[in-house]
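Trainee: Quick one: sequence and predicted model below, then my questions.
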Amino acid sequence: MTELRITPDQLTAAGSWVARHWGEDGYVFERIESPTPAVSVFHVVASDGSRFAVVADKWGNCRDTDTTSGEERIPPLVKEVSRHAGEE
């Protein structure tokens, strides 16, 4: 089992990101993963079935990407956010 490393800043920032950029209703965190010690990926599903991911660093800086047609966009975004978090 993969260890989750989620800071309170990441959790609240991801929730705020969804509410601010997508809306406050109709979204659920489907799963959460921590591919690096400083970055977590929050997989979100909307009530209409669309999906996206919010990638948050340990300080709560977020970016998102559509994943409805697949999750291939997540690894490059994780790498980018990791650089900003000082992991590379």
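Mentor: Everything's here; your move. Numbering: from 1, shown residues only.
Trainee: Buried residues, the helix or strand hosting Arg31. List them.
Mentor: Applying DSSP states H and E as the criterion places Arg31 in strand 27-36. The neighbour-count check on strand 27-36 (16 or more other Cβ atoms under 10 Å) flags Tyr27, Ile32, Ser34, Pro35, Thr36 as buried. For the C-beta atoms, the positions are set from N, CA and C on the backbone; glycine is no exception.
Trainee: Please apply the same query to stretch 59-69.
Mentor: Residues Gly60, Asn61, Cys62, Asp64, Thr65, Thr67 are the ones in stretch 59-69 that count as buried (16+ other Cβ under 10 Å).
Trainee: what about dumping the CA coordinates of the helix or strand hosting Lys79 to CSV?
Mentor: Lys79 belongs to helix 74-84 when assigned by DSSP H and E. The C-alpha coordinates for helix 74-84 follow below in CSV (Å, rounded to 0.1, in the frame of the first residue of the first chain):
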residue,chain,number,x,y,z
ILE,A,74,-1.1,13.8,-14.6
PRO,A,75,2.6,12.7,-14.6
PRO,A,76,3.9,15.8,-16.4
LEU,A,77,1.8,18.0,-14.1
VAL,A,78,3.2,16.2,-11.0
LYS,A,79,6.7,16.8,-12.4
GLU,A,80,6.0,20.5,-12.9
VAL,A,81,4.5,21.0,-9.5
SER,A,82,7.3,19.0,-7.9
ARG,A,83,9.9,21.4,-9.5
HIS,A,84,8.0,24.3,-8.0
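Trainee: Next, report how far it is displaced from the centre of its chain.
Mentor: Helix 74-84 sits 11 Å away from the centroid of its parent chain (Cα atoms, centre = their mean, to the nearest Å).
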